[in-house]
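Asker: Following is a predicted model, sequence given first.
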Amino acid sequence: NAGVMQNPRHLVRRRGQEARLRCSPMKGHSHVYWYRQLPEEGLKFMVYLQKENIIDESGMPKERFSAEFPKEGPSILRIQQVVRGDSAAYFCASSPGQGAGSPLHFGNGTRLTVT
Amino acid sequence: DAKTTQPTSMDCAEGRAANLPCNHSTISGNEYVYWYRQIHSQGPQYIIHGLKNNETNEMASLIITEDRKSSTLILPHATLRDTAVYYCIVRVRGSGGSNYKLTFGKGTLLTVNP
């Protein structure tokens, strides 16, 4: 089975541009999570989605950030008007269910660099 | 969710068992113990999880004390590729609340030496 696929692996954007990060969950997984890891810091929860629904976006910055997980296709994390402070590794995870007995499986991330 | 306490760093000789401790003295009866690791520049990798009983899989063993206030992750024969940050996380059982989240702390940097 293919794991969680994220693309691109590396993304360079100038300040003010938009960044789109894609995540294809593992086959059969309908729950997607996005985490951010700033340089030399820990992993921070951003958002939890199920197909066509945002369940918890408590970790998302209030402005410029949005996420979706459409009925068809990958989940997208979108950052508008990027700033240098958005430079980080963004990790997506998926699970087959919501319960605590369903481990999250992570992709290898997208490293965003804002110049 | 209960908080966990782990040593900042540990060393282990290649081929020996690596025993990584975790304290979770405020854990509730409905919380799982999860272990993940993150090798440099990669995404977190699921290792193992358990509720009350000891668990073993192809990667590691998880030993949970009877009072559930602490646990130990055991890598039976550590290799250089096991050098990583290891995270111990407690996660609420059940379908309510925010049990879907994993809250990562700082973890333990395990360095396996040749």
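Answerer: Received the coordinates, thanks.
Asker: Quick check, the residue in chain B closest to chain A?
Answerer: Nearest to chain A, among the residues of chain B, is B:G43, at 3.7 Å (CB to the nearest CB). Quick note: C-beta positions are derived from backbone N, CA and C, even for glycine.
Asker: count of neighbours near that residue?
Answerer: Other residues within reach of B:G43, judged by other CB atoms under 10 Å in any protein chain shown, total 22.
Asker: what residue is smack in the middle of chain A?
Answerer: In chain A, the residue lying closest to the centroid (CA atoms, centre = their mean) is A:W34, at 3.5 Å.
Asker: quick one: pLDDT of it?
Answerer: Per-residue pLDDT puts A:W34 at 97.
Asker: Tell me the backbone dihedrals of the residue of chain A most remote from its centre, please.
Answerer: Relative to the centre of chain A, the most outlying C-alpha is that of A:G101, 21.8 Å out, by CA atoms, centre = their mean. Dihedral angles of A:G101 (phi, psi; degrees, to the nearest 10) stand at phi -80, psi 0.
Asker: Likewise for the one 3 residues further on?
Answerer: When quoted as degrees, to the nearest 10, the phi and psi of A:L104 stand at phi -90, psi 140.
Asker: Which pLDDT value goes with residue 106?
Answerer: The chain I'm using is chain A. pLDDT, A:F106: 96.
Asker: wait, I meant chain B there
Answerer: Looking at B:K106, its pLDDT stands at 91.
Asker: Give me every residue in chain A lying close to chain B.
Answerer: For chain A, the residues in contact with chain B (CB under 8 Å from any CB of the partner chain) are A:4, A:6, A:31, A:33, A:35, A:42-45, A:48, A:55-56, A:91, A:93, A:95, A:98-101, A:103-109.
Asker: B:N54 - nearest residue in space that isn't next to it in sequence?
Answerer: B:I63 (5.2 Å; CB to CB, 6 or more residues apart in numbering or on different chains).
Asker: Same check on A:S87?
Answerer: Closest to A:S87 by CB to CB, 6+ apart is A:V114, at 4.9 Å.
Asker: quick one: low-confidence ranges for chain A?
Answerer: In the predicted model of chain A, residues A:1 satisfy pLDDT under 70.
Asker: Need the residue closest to the centroid of chain B.
Answerer: Geometric middle of chain B (CA atoms, centre = their mean) lands on B:W35, at 3.1 Å.
Asker: quick one: contacts for that one?
Answerer: Counting by CB atoms under 8 Å, 6 or more residues apart in numbering or on different chains, B:W35 makes contact with B:L20, B:C22, B:I47, B:I48, B:H49, B:A60, B:L62, B:L73, B:Y86, B:Y87, B:C88, B:I89.
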